[in-house]
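A.B. asks: give me a 3D structure for the following:
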Amino acid sequence: MNINAKQMNSIDVHNGMDNTTCLGFLLQIMNIVAPNGQLVAILAAVWSNFVNAFNAFDDAFAQARKWMQTGDIKSLDELRDAALSAFLNMLKAMQASPNQEKQSAAKYLMFIREKYNINPSDEYMKETTAVGQLIQELESNQQAQTALQTTGLNEWFLDLKAKNEAFLAKMNERTADQAGLQKGIVRDTRLACEAAYRNVVKLINALSIVEYPADMDYNTPIDLLNAEIEHYRLILARKGVSTGSGGNSGSSTNSGTGSNENQGENQNQGTGGSNENQNENENQGGGTGGSNENQNENENQNPGTGGNNNPGGGNGGDDGTDES
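C.D. replies: Next comes the predicted model:
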């Protein structure tokens, strides 16, 4: 038994990571483990399953992004972004107007604009929603309407409104069935990849209680993996996402109840069918009270009459391919 062997720290890959972040993190895990032939050989089928699941997730997401970024959609988004930039630049310049009335009106409009987090680099529908909310308030607020006239910015405002509506109309031409299909494929392949990743973590951490080859450098890849995990913890923390309170680098693994890693699946199949509850509780503890990730996945699959399939998905959005 290797009582001093290190373990991989935990991180929640299901909640808080959008598809792009999740793919980026899992790719880094692959890049660290893949060159270590001994570790890959020990992981065997568990590793190959993870690689295959990652490739399926990556391919599905790439296809979904390609579907969303066809030429007409992209060109309309660029026109809308140009109109937004022109309006905001004019508004910013008007705040320095030597005309006090125009300056005050511009500052009031900027006050309204700053209430909405508009970022042209956001996925399409997130940006469209934020711009739409700004337009709605500027239209419904009489003082804002007066300020647009006073500053002479109404022309730029109307152009932004028209460009945003044109983009939204083109997006709405997409059929719901096609959109749902793309999202469903990304969601399902991501869930499979997350499960495969957790299996890799379990097996790697199990090496801490078995005799691995004497000539195998076990701790170095674990140090590299944990450094990458902590890097992504910081990324998520800056976004206000909770990722748990620490990881494992101690000397023991406890499997039982009252654990820190709780991966539960609840499946209900058919009409009036049976319930199968599978709860895997793993406490990968060590050091001084480090806690792990809490990942709960609930699947309610009713393929019978009026059934539904809602296995969940990631939070955040990438080109409209994420589902909560």
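
A.B. asks: secondary structure class for Asp122?
C.D. replies: coil (DSSP: H, G, I helix; E, B strand; the rest coil).

A.B. asks: how about the helices in the stretch 51-200 of the chain?
C.D. replies: 71-94, 100-113, 124-140, 142-151, 154-172, 176-206 (DSSP state H, counting those that start in this stretch).

A.B. asks: of those, which stretch is the most buried?
C.D. replies: Mean neighbour count (mean count of other Cβ atoms under 10 Å) peaks for helix 176-206 among the helices of the stretch 51-200 of the chain, with a mean of 19. C-beta here means a position set from N, CA and C on the backbone, and glycine is covered the same way.

A.B. asks: grab the nearest non-local neighbour of Gln133.
C.D. replies: Computed as Cβ to Cβ, 6 or more residues apart in numbering, the closest residue to Gln133 that is not its neighbour in sequence is Tyr116, at 5.6 Å.

A.B. asks: just checking, that neighbour touches Gly132?
C.D. replies: No. Contact between Tyr116 and Gly132 fails when scored by Cβ atoms under 8 Å: they sit 9.5 Å apart.

A.B. asks: closest to Lys6 out of the helices of the stretch 51-200 of the chain?
C.D. replies: Nearest to Lys6 among those is helix 176-206 (9.1 Å), distances taken as Cβ to Cβ.

A.B. asks: ok and the closest one relative to helix 154-172, angle-wise?
C.D. replies: Calculated by axes from the mean of the first three to the mean of the last three Cα atoms, to 10 degrees, helix 176-206 forms an angle of 80 degrees with helix 154-172.

A.B. asks: I'd like the average pLDDT over helix 176-206.
C.D. replies: Helix 176-206 shows a mean pLDDT of 84.

A.B. asks: now swap in stretch 123-140 and tell me
C.D. replies: pLDDT averaged over stretch 123-140 gives 88.

A.B. asks: contact partners of that stretch?
C.D. replies: Outside stretch 123-140, the residues that touch it by Cβ atoms under 8 Å, 6 or more residues apart in numbering are 68, 73, 77, 80, 84, 109, 112-113, 115-120, 122, 144-145, 148, 157, 160-161, 164, 167-168, 171, 317-320.

A.B. asks: can I get it as PDB, trimmed to CA atoms?
C.D. replies: Taking Å, rounded to 0.1, in the frame of the first residue of the first chain, the C-alpha atoms of stretch 123-140 are listed here in PDB:
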ATOM      1  CA  GLU A 123     -22.700  34.000 -27.600                       C
ATOM      2  CA  TYR A 124     -25.300  35.300 -30.100                       C
ATOM      3  CA  MET A 125     -28.500  35.000 -28.100                       C
ATOM      4  CA  LYS A 126     -27.000  36.300 -24.800                       C
ATOM      5  CA  GLU A 127     -25.900  39.500 -26.600                       C
ATOM      6  CA  THR A 128     -29.200  39.800 -28.500                       C
ATOM      7  CA  THR A 129     -31.100  39.600 -25.200                       C
ATOM      8  CA  ALA A 130     -29.000  42.200 -23.500                       C
ATOM      9  CA  VAL A 131     -29.200  44.600 -26.400                       C
ATOM     10  CA  GLY A 132     -32.900  44.000 -26.600                       C
ATOM     11  CA  GLN A 133     -33.400  44.900 -23.000                       C
ATOM     12  CA  LEU A 134     -31.400  48.100 -23.400                       C
ATOM     13  CA  ILE A 135     -33.500  49.100 -26.400                       C
ATOM     14  CA  GLN A 136     -36.700  48.300 -24.600                       C
ATOM     15  CA  GLU A 137     -35.800  50.600 -21.700                       C
ATOM     16  CA  LEU A 138     -34.700  53.400 -23.900                       C
ATOM     17  CA  GLU A 139     -37.900  53.200 -25.800                       C
ATOM     18  CA  SER A 140     -40.200  53.000 -22.800                       C
END
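
A.B. asks: quick one: low-confidence residue ranges for the chain.
C.D. replies: Applying pLDDT under 70 to the chain picks out residues 1-5, 66-71, 173-182, 208, 211-212, 243-324.

A.B. asks: return the set of buried residues in the strand or helix carrying Met30.
C.D. replies: Using DSSP states H and E, the element containing Met30 is helix 19-33. By neighbour count on 16 or more other Cβ atoms under 10 Å, the buried set for helix 19-33 is Asn19, Thr20, Thr21, Cys22, Leu23, Phe25, Leu26, Gln28, Ile29, Met30, Ile32, Val33.

A.B. asks: of all those, which comes closest to Ile42?
C.D. replies: Val33 (10.6 Å).
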